[in-house]
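In: Have a look at this prediction, sequence included:
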Amino acid sequence: MVTPFRKDFSVDEEALRRLVRRQIAGGINFLVPCGTTGESPTLSHEEHLRVVTITLEEAKGKVPVLAGAGGYNTREVIETARECERLGADGILSVTPYYNKPTQEGLYQHYKAIAAAISIPVILYNVPPRTSVNIEPATVRRLAEIENIIGIKEASGSISQITQVIQQAPQGFLVLSGDDSLTLPVVAMGGRGIVSVVSNEIPAEMTRLAQLCLAGDFAGARALQRKYQPLMEINFVETSPGPVKAAMAEMGLLEPVWRLPLVAPKSENLAKIRAVLESLALLERVHVANRA
């Protein structure tokens with residue numbers, strides 16, 4: 001989930017509550033507050049916990065809440081993970097340590113320490129294009145032997161690597177796509193779903209796409225994929241979550257506010273985002289909802 005901000009750059013708590021309710025109404029299976037799409041590196045510790053708290057309050061046990069708790073300082077990650085557990089989070093999503101560029105052994109020890117510090121499940125998050133560090137399949141296999149490390153969000157962009165992870169991990173280990181456009185092939189190879197960016201805009205439609213994949217209806221999933229592929233692509237016309245928040249602002253879901261060092265997309269890219277939204281009638285849908 002994105003984190004909405006007010007024009008004074010404070011967290012827009014009312015907008016956040018609306019967004020959580022909208023996701024649940026769309027039929028999503030779990031919520032992820034304070035992931036990297038939520039601009040978590042720019043949230044203070046108190047804001048981070050407040051966003052998790054609000055998400056839990058609005059979820060009311062209807063769906064699990066997988067709180068973001070990752071970073072390059074293992075001790076701080078452990079502290080955040082413990083506090084998320086105390087708040088009632090059902091699990092954590094933990095991005096690899098960026099900048100440090102640890103070895104595979106360093107990654108193993110990092111996640112082992114986090115898992116040992118809490119009792120709730122841990123989902124690894126591998127996104128080497130953003131962090132410059134890759135959890136290799138052999139390391140994932142080792143980590144999967146730790147009882148409460150139950151899955152991985154795989155955003156390496158490599159179907160070959162994701163397939164290796166699926167094949168080498170123990171039965172029941174959850175491999176989730178970290179790229180919306182790769183949901184179909186990842187599930188086809190044995191993955192279990194998606195931690196989605198585009199769900200911020202179209203929760204019901206993305207949920208339906210994932211469900212069709214999991215049910216083996218790949219023809220139906222392909223039809224939805226073809227329809228919404230332009231939206232999945234435009235969300236990354238610039239660094240995410242810049243475009244997705246711009247789209248949501250166009251849809252009237254939040255204020256167009258980012259925290260530095262992120263800024264609004266360039267005007268030509270805003271025009272492209274608006275064109276995609278118009279082509280999918282997403283702006284029209286918002287206007288109808290507002291009139292209602």
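Out: Sure thing, it's come through. Quick caveat, the model's predicted, so the values are computed rather than measured.
In: Name the helix or strand for the closest residue to Leu277 other than its chain neighbours, please.
Out: Among residues not flanking Leu277 along the chain, Leu283 sits closest, at 5.1 Å (C-beta to C-beta, 6 or more residues apart in numbering). C-beta: built from backbone N, CA, C; applies to glycine. Assessed by DSSP states H and E, Leu283 sits inside helix 282-291.
In: which ones are touching the residue nearest to Ala249 when sequence neighbours are not counted?
Out: Spatial nearest neighbour of Ala249, excluding adjacent residues (C-beta to C-beta, 6+ apart): Pro256 at 3.7 Å. Each residue near Pro256 by C-beta atoms under 8 Å, 6 or more residues apart in numbering is listed here: 245-246, 249, 264.
In: Most neighbours of all those residues, which one?
Out: Lys245 (27 neighbours; other C-beta atoms under 10 Å).
In: That residue: which element?
Out: helix 242-250.
In: now that helix: mean pLDDT?
Out: Averaged across helix 242-250, pLDDT comes to 98.
In: and that helix, what does it pack onto?
Out: In terms of contacts (3 or more C-beta pairs under 8 Å, 6 or more residues apart in numbering; DSSP states H and E), helix 242-250 is packed against helix 218-234, helix 267-279.
In: again, 10 Å this time
Out: Counting by 3 or more C-beta pairs under 10 Å, 6 or more residues apart in numbering; DSSP states H and E, the packing neighbours recorded for helix 242-250 are helix 218-234, helix 267-279, helix 282-291.
In: starting at the chain centroid, how far to stretch 7-21?
Out: Centroid separation for stretch 7-21 versus its chain: 17 Å, with C-alpha atoms, centre = their mean, to the nearest Å.
In: What residues sit buried inside that stretch?
Out: Neighbour counts over stretch 7-21 (16 or more other C-beta atoms under 10 Å) mark 11-12, 15-16, 19-20 as buried.
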